[in-house]
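**Q** Predicted model follows, preceded by the sequence.
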Amino acid sequence: MDLFGSMTIAASGMLAQDERIKVISENLANANSTALTPGGSPYRRQVVSFKDHFDRKVGADVVQVAGVSTDPSPFPLHYDPGNPAANAQGYVKMPNVNPLIEMVDLREAERSYMANMSAVNAAKTMLMQTVSLLQ
């Protein structure tokens, strides 16, 4: 594999983690979004899944986003009878988003993104040094 191939692999990781960061940000933004109707369902947490894909041009596996799915975990109930989304017993379904978990996932995605960026920068530096040796 050449330097361009390693840059392509690292760039695919950056794109995948970028999508993950966007989904996590959406989850955090909707962590307190309740339903608009009584007894309705609030925002449901989304999760990104990845897959590897063989890139013939590079000759190696690259990472891609396989899809964004919803987390099937149950909605926690919060007693708030004055809320317009409350059911007959006064409970409001809250999103199944745990901000602490989302922040940990965000840090992990950020670090993975930065590691891939470091790999791209290292390959770019080696490529520039190779070009300077040829002159």
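**A** Now that the structure is in, tell me what you want to look at.
**Q** can we go C-alpha only for contacts and neighbour counts from here?
**A** Fine.
**Q** Output the contacting helices and strands for the helix ranked longest in the chain.
**A** If you go by DSSP state H, the chain has its longest helix at helix 99-134. Using 3 or more CA pairs under 8 Å, 6 or more residues apart in numbering; DSSP states H and E as the contact test, the elements touching helix 99-134 are helix 3-29.
**Q** residues of the helix it packs on that come out buried?
**A** Buried residues in helix 3-29, counted by 16 or more other CA atoms under 10 Å: 5-21, 23-24, 27-28.
**Q** Give me the angle between it and helix 99-134.
**A** 160 degrees (axes from the mean of the first three to the mean of the last three CA atoms, to 10 degrees).
**Q** Do you know the pLDDT at residue 39?
**A** As predicted, residue 39 sits at a pLDDT of 79.
**Q** the residue most distant from the middle of this structure, which is it?
**A** residue 135 (42.9 Å; CA atoms, centre = their mean).
**Q** Give me the distance between that one and residue 13.
**A** 33 Å (CA to CA, to the nearest Å).
**Q** now do residue 24
**A** With CA to CA as the criterion, residue 24 and residue 13 are 16 Å apart.
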